[in-house]
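Asks: this one's sequence-less:
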Ligand SMILES: O=C(O)[C@H](O)[C@@H](O)[C@H](O)[C@H](O)COP(=O)(O)O
């Protein structure tokens, strides 16, 4: 599935568009299957999205919330993606699954444990209704970084090392097989520092190893990339 790139004026427009899509998909999934299974992301654009979603009518008891990646840190950390979502959204604790950093010895164990929780909640062929993602300046997505072994992981969840990105802690991340099984994948990409990689992505130029976003290709789902003007 080739991505649909949608240029929008600015980060606020990206967040508003993403919120409208989130609401529509949630409504449809709850009507059809009784629940909405979503993976949230980290970063600055999701923050705007979460602030909008917090003002909308959503039945969070029917929304299963996972995280497409996170740091091996407690949600209390300001660098935790789960922490950000928990601070901004009225999430239901019973249907929210932060990575279990506090009960794991290291990121590898945390990834294994997270996969176990995910399979227990979603069954042996996990399929997200919506996976939210961002893209880093180096073309990484979730915590799938250029040149790292996590790019070829065949498990549903794995761990990875970001290299020099702050803070320099290990990460837990969805793998391509899990992302690509989703019904819908939605990227939020903003900022001029992303422009060069977006151009390569649009041209489908390079390899997954050098430009990890190229590895996102849902088998039977939609792939939409919302871009602000600076990134597109
Ligand atoms: O930071 C994270 O939690 C994610 O690992 C990462 O993949 C992020 O989505 C991109 O780096 C884009 O982040 P921004 O949208 O903040 O630029």
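Replies: Thanks, I have it. Everything numeric here is computed off the predicted structure, so don't read it as measured data.

Asks: tell me which other helices or strands the helix or strand bottoming out on mean pLDDT in the chain touches.
Replies: When the helices and strands of the chain are compared on mean pLDDT, DSSP states H and E, helix 44-53 comes out lowest with a mean of 93. Here helix 44-53 touches helix 11-33, helix 81-88, strand 184-189, going by 3 or more CB pairs under 8 Å, 6 or more residues apart in numbering; DSSP states H and E. Every C-beta, even on glycine, is put in place using the N, C-alpha and C of the backbone.

Asks: let me know which of those is tucked in deepest.
Replies: Of all the helices and strands packed on helix 44-53, strand 184-189 has the most neighbours on average by mean count of other CB atoms under 10 Å, namely a mean of 25.

Asks: now it and helix 44-53, what's the angle there?
Replies: 120 degrees (axes from the mean of the first three to the mean of the last three CA atoms, to 10 degrees).

Asks: circling back to that earlier point, is the least confident helix or strand of the chain in proximity to the ligand?
Replies: Yes: residues of helix 44-53 are located near the ligand by CB under 6 Å from any ligand atom, namely 44-45.

Asks: what mean pLDDT does whichever helix or strand comes after that helix get?
Replies: As assigned by DSSP states H and E, the chain's next helix or strand after helix 44-53 is strand 63-67. The pLDDT scores in strand 63-67 average 98.

Asks: what about whichever helix or strand comes after strand 63-67, near the ligand?
Replies: Next in sequence after strand 63-67, counting helices and strands by DSSP H and E, comes strand 69-71. Yes: with CB under 6 Å from any ligand atom as the criterion, the ligand is reached by strand 69-71 at residue 69.
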